[in-house]
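Engineer: A predicted structure for the sequence below; I have some questions about it.
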Amino acid sequence: MKVDEVDRNFRIWQRDPLAIPLNSGEKLELKLYSMYLNPLQSHGNLVKDPLDFFWSSARFYEKVTDEFGFLTPHRDQF
């Protein structure tokens, strides 16, 4: 299946070797938000709410609980 490049405006991993650094809180927030919505997409339909996806860090930021034991707040970095 060929993926249309129009759908790839918000991807984190680029196909070219010149990656764009996530050097601002705003850029990182945008990428995280996009990742949190992925499990809700119709092709996967894994959960109804981003907080319900076990492997997401969304709960860490919403409820301030680190179930994995290694998460750190990115907001402190910028």
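Structural biologist: Okay, I see it.
Engineer: residue 40 contacts residue 56, doesn't it?
Structural biologist: No: with contact defined as CB atoms under 8 Å, residue 40 does not count as touching residue 56 (10.5 Å). For every residue, glycine as well, the C-beta is placed using N, CA and C.
Engineer: identify the contacts common to the two.
Structural biologist: Jointly contacting residue 40 and residue 56 under the rule CB atoms under 8 Å, 6 or more residues apart in numbering are residue 50.
Engineer: and the strands in the protein?
Structural biologist: Using DSSP state E, no strands are found in the chain.
Engineer: thinking again about what came up before, more neighbours, residue 40 and residue 56?
Structural biologist: Ranked by neighbour count (other CB atoms under 10 Å), residue 40 and residue 56 place residue 56 first, with 19 against 15.
Engineer: my read: the more buried one touches residue 50, true?
Structural biologist: Yes: using CB under 8 Å, residue 56 is in contact with residue 50, at 5.9 Å.
Engineer: which neighbours do these two have in common?
Structural biologist: 36, 39.
Engineer: buried stuff in stretch 61-78?
Structural biologist: residue 61 (16 or more other CB atoms under 10 Å).
Engineer: same deal with stretch 38-55?
Structural biologist: 39, 50, 53.
Engineer: so which residues of this protein form helices?
Structural biologist: Counting by DSSP state H, the chain has helices at residues 25-37, 58-63.
Engineer: residues in contact with the last one: which ones?
Structural biologist: By that I understand helix 58-63. Residues outside helix 58-63 that contact it (CB under 8 Å, 6+ apart): 32, 36, 50, 51, 65, 66, 67, 68, 71, 73.
Engineer: and which of these is nearest to residue 20?
Structural biologist: residue 32 (15.3 Å; CB to CB).
Engineer: what about the protein, any weak spots by pLDDT?
Structural biologist: 1-18, 77-78 (pLDDT under 70).
Engineer: for residue 44, what are its contacts?
Structural biologist: The neighbours of residue 44, taking CB under 8 Å, 6+ apart as the test, are residue 38.
Engineer: how much space between it and residue 34?
Structural biologist: 14 Å (CB to CB, to the nearest Å).
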